[in-house]
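J.: just a sequence and a predicted model for now, questions to come.
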Amino acid sequence: MENKKTKQLKNFKIDNEQKAGLTTNQGLKMAEDEFSLKAGLRGPTLLEDFHFREKMTHFDHERIPERIVHARGVGAHGVFQVYESLEKYTKANFLNDSSKITPVFVRFSTVQGSRGSSDTVRDVRGFATKFYTDEGNYDLVGNNMPVFFIQDAIKFPDFVHAVKPEPDTEVPQGASAHDTFWDFFGQNPESAHMIMWAMSDRAIPRSLRMMEGFGVHTFRLVNKEGKAHFVKFHWKPALGVHSQVWDEAQKAAGKNPDFHRIDLYEAISKGDFPEWELGLQLIPEEDEFKFDFDILDPTKLWPEEEVPVKLVGKMTLNRNVDNFFAETEQIAFHPGHVVPGIDFSNDPLLQGRLFSYTDTQLSRLGGPNFHQIPINRPVCPFHNNQRDGMHQMAIHHGQTSYHRNSLNNNQPEPVPESQGGYEHYQEKVDGRKVRERSESFLDFYSQAKLFYNSLASYEQQHLKDALSFELGKCKSQQVKDNAIAVLNHIDRQVAEEVSENIGALLPQENNEVKSDKKSPALS
Ligand code: HEM
């Protein structure tokens with residue numbers, strides 16, 4: 001089970017079994033660890049007690065800020081192997097060689113709750129995978145649902161402020177039943193499709209091992225010849241997709257808040273290793289405009305009947321972490337961590353994410369050197385002219401630290417594309433600077449309706465029950481009425497049943513829009 005990452009991490013393990021004597025951080029052996037130094041038998045503690053001060057100071061700083069979203073998570077190590085070379089589509093080395101085993105680390109998470117919240121709440125689940133490839137780390141930072149609530153990153157802070165506990169009461173923790181969340185929904189009907197997923201059984205998975213994963217955005221694969229395909233990434237669980245029922249999930253949240261993390265840990269400990277197949281939906285670059293939606297819109301999925309999912313490889317999680325903090329808490333994912341052969345699209349949500357992750361990690365992980373933390377280190381060599389900064393772990397030596405340098409022949413130099421250097425895909429961009437999007441982004445309801453209609457009748461009932469439960473908790477009549485107005489665009493019968501259950505206004509007319517037509521935000 002030893003792979004490059006396992007071997008690398010071994011170098012950082014501190015082994016308590018060595019039975020070495022207790023020392024201070026300066027290596028001084030200490031004769032006492034239970035009694036602080038006092039002036040007399042009943043006197044005050046002395047400032048001179050450096051051991052007490054060092055121990056307490058370190059303890060005082062044990063906590064780091066939790067992630068602004070996805071704070072509660074659980075992770076595991078594993079491996080990924082592609083079935084056959086995908087060189088037709090991408091030059092990414094780890095997708096070109098079916099004999100190559102790439103180490104991975106996956107962190108699953110809930111989105112809304114704090115680090116100490118419950119596992120089985122109704123929420124989206126994060127599904128983030130770090131591939132430690134020979135060409136650098138590649139991160140697929142996805143969710144267990146194929147679309148998202150908003151279309152543009154500029155709305156993300158508003159969305160998260162509405163989703164998080166309300167600022168005056170800090171209520172609720174780990175549930176979506178509150179006014180601000182539903183107010184955001186009523187005011188932002190672009191979230192209609194995602195709301196249907198979030199109110200469906202997908203939001204209460206039975207086990208993390210039984211969840212699909214989605215990269216959500218449109219990315220690009222680029223082959224050696226420079227030919228590009230648009231791609232959507234999928235993870236398909238070997239165990240199939242299974243959910244809890246709402247009552248069960250609520251009971252588990254109370255009786256066993258660690259339900260999912262224990263399930264994952266125990267399965268891996270027993271050798272019952274969870275597996276997912278990696279799936280790709282591919283659209284050749286020249287077919288970009290063949291669809292009645294914009295493929296840059298993250299609130300739309302690519303129907304699998306139109307663009308089939310090609311299963312291309314398998315991921316197996318086979319090792320639990322040795323230390324939750326060092327690995328699961330300190331790992332830093334970023335959709336911008338790519339390797340040659342994988343590139344971005346202009347999805348306006350993705351473009352904003354490309355800024356946000358490193359920015360937040362600079363404060364969460366204490367400065368610019370968090371890539372040197374063991375779990376974040378690439379397994380291939382990494383060197384450049386960046387220097388110093390908080391928590392620098394490397395001793396860079398030599399006189400110089402800049403590029404174009406005649407004093408030191410060992411200075412890191414850029415690597416040409418022909419030798420594996422990353423070059424961005426040369427997409428032609430030509431346009432006015434605008435704060436607009438293509439018109440089809442305004443079609444908020446077609447796919448929401450499609451999703452609802454694809455459910456079995458008992459799943460539709462679960463969804464209506466969830467809407468009634470969650471919306472029923474809202475205090476503001478206006479918020480309830482607005483939410484029903486949006487639901488009325490998706491499905492008249494859903495709006496009727498839920499409005500009756502929660503005592504909200506049902507719009508007089510059936511203001512449903514035809515499923516294939518653009519619609520205004522709210523009528
Ligand atoms: C975590 C920002 C949309 C998946 C985070 C974090 C930030 C963030 C700041 C915390 C990172 C950290 O502290 O390490 C954003 C922004 C978004 C956005 C600005 C939209 C503009 C999405 C979408 C997905 C997603 C669409 C899914 C495709 C995740 C996951 C994590 C995460 C899985 C947790 C990663 C981990 O386990 O450490 N996001 N996010 N996010 N985000 Fe996003």
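T.: Thanks, I have the structure now.
J.: when you work out contacts or count neighbours from here on, use the C-alpha atoms and nothing else.
T.: OK.
J.: for this structure, which segments are assigned as strands?
T.: For the chain, the strands defined by DSSP state E occupy 73-82, 102-110, 125-133, 136-143, 213-214, 219-222, 228-237, 275-284, 310-320, 342-344.
J.: what pLDDT does residue 172 get?
T.: In this model, residue 172 is scored at 81, pLDDT.
J.: ok, it - how many residues close by?
T.: Residues lying near residue 172 (other C-alpha atoms under 10 Å) number 15.
J.: need the strands of the chain in JSON lines with mean pLDDT and distance to residue 252, can you?
T.: Below are the strands of the chain laid out as JSON lines (pLDDT from 0 to 100; distance: least, C-alpha to C-alpha, whole Å):
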{"stretch": "strand 73-82", "mean pLDDT": "98", "distance to residue 252": "17"}
{"stretch": "strand 102-110", "mean pLDDT": "98", "distance to residue 252": "15"}
{"stretch": "strand 125-133", "mean pLDDT": "98", "distance to residue 252": "17"}
{"stretch": "strand 136-143", "mean pLDDT": "98", "distance to residue 252": "22"}
{"stretch": "strand 213-214", "mean pLDDT": "98", "distance to residue 252": "23"}
{"stretch": "strand 219-222", "mean pLDDT": "98", "distance to residue 252": "37"}
{"stretch": "strand 228-237", "mean pLDDT": "98", "distance to residue 252": "23"}
{"stretch": "strand 275-284", "mean pLDDT": "98", "distance to residue 252": "24"}
{"stretch": "strand 310-320", "mean pLDDT": "98", "distance to residue 252": "23"}
{"stretch": "strand 342-344", "mean pLDDT": "98", "distance to residue 252": "39"}
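J.: would you turn those strands into CSV with distance to the ligand?
T.: Below are the strands of the chain laid out as CSV (distance: least, C-alpha to the nearest ligand atom, whole Å):
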stretch, distance to the ligand
strand 73-82, 6
strand 102-110, 5
strand 125-133, 4
strand 136-143, 4
strand 213-214, 7
strand 219-222, 11
strand 228-237, 10
strand 275-284, 15
strand 310-320, 15
strand 342-344, 13
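J.: in a markdown table, list the ones you listed along with mean neighbour count.
T.: Below are the strands of the chain laid out as a markdown table (neighbours: other C-alpha atoms under 10 Å):
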| stretch | mean neighbour count |
| --- | --- |
| strand 73-82 | 23 |
| strand 102-110 | 25 |
| strand 125-133 | 25 |
| strand 136-143 | 22 |
| strand 213-214 | 26 |
| strand 219-222 | 24 |
| strand 228-237 | 24 |
| strand 275-284 | 21 |
| strand 310-320 | 19 |
| strand 342-344 | 22 |
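J.: tell me which of those strands sits nearest to residue 29.
T.: Ranking the strands of the chain by their distance to residue 29 (criterion: C-alpha to C-alpha) puts strand 310-320 first, at 33.0 Å.
J.: got the angle for that closest one vs strand 125-133?
T.: Between strand 310-320 and strand 125-133, the angle comes out at 90 degrees (axes from the mean of the first three to the mean of the last three C-alpha atoms, to 10 degrees).
J.: contact partners of strand 310-320?
T.: Contact with strand 310-320 is made by 75-84, 106, 265, 268-269, 271, 273-281, as judged by C-alpha atoms under 8 Å, 6 or more residues apart in numbering.
J.: adjacent strands (with direction) for that strand?
T.: Paired strands of strand 310-320, with direction, are strand 73-82 (antiparallel), strand 275-284 (antiparallel) (DSSP bridges).
J.: tabulate the ones you listed (JSON lines), appending distance to residue 363.
T.: Listed next are the strands paired with strand 310-320 as JSON lines, based on distance: least, C-alpha to C-alpha, whole Å:
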{"stretch": "strand 73-82", "distance to residue 363": "19"}
{"stretch": "strand 275-284", "distance to residue 363": "33"}
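J.: distance of residue 86 from the ligand?
T.: Relative to the ligand, residue 86 is positioned 23 Å away (C-alpha to the nearest ligand atom, to the nearest Å).
J.: and that residue, what does it touch?
T.: By C-alpha under 8 Å, 6+ apart, the neighbours of residue 86 are 95-96.
J.: the helices in this protein, which residues?
T.: 4-10, 50-60, 156-163, 179-187, 192-198, 246-255, 259-269, 324, 348-364, 446-454, 457-472, 477-490, 492-502 (DSSP state H).
J.: and residue 101, which of those helices is closest to it?
T.: Comparing those by their distance to residue 101 (C-alpha to C-alpha), the top pick is helix 4-10, with 9.6 Å.
J.: buried ones in that closest one?
T.: For helix 4-10, a neighbour-count test (16 or more other C-alpha atoms under 10 Å) marks 4-6, 8 as buried.
J.: and those, which is closest to residue 335?
T.: residue 5 (20.4 Å).
J.: what pLDDT does residue 515 get?
T.: Value listed for residue 515 in the pLDDT field: 41.
J.: grab the nearest non-local neighbour of residue 374.
T.: residue 9 (6.2 Å; C-alpha to C-alpha, 6 or more residues apart in numbering).
J.: how far away is that neighbour from residue 367?
T.: Using C-alpha to C-alpha, to the nearest Å, residue 9 is found at 22 Å from residue 367.
J.: same deal with residue 451?
T.: Residue 451 is 43 Å from residue 367, by C-alpha to C-alpha.
J.: for the strands paired with strand 310-320, which one sits closest to residue 435?
T.: Once the strands paired with strand 310-320 are compared by C-alpha to C-alpha, strand 275-284 is nearest, at 26.7 Å.
J.: strand 228-237 and that closest one, what's the angle between them?
T.: Using the same axes, to 10 degrees: strand 275-284 against strand 228-237 is 160 degrees.
J.: can you put the buried residues of helix 4-10 in CSV and add pLDDT?
T.: As requested, those are exported to CSV (pLDDT from 0 to 100):
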residue, pLDDT
4, 96
5, 96
6, 96
8, 96
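J.: closest one of these to the ligand?
T.: residue 5 (18.1 Å; C-alpha to the nearest ligand atom).
J.: tell me if I'm right that the residue nearest to residue 374 and residue 372 touch.
T.: No - counting by C-alpha atoms under 8 Å, residue 9 does not reach residue 372; the two are 11.7 Å apart.
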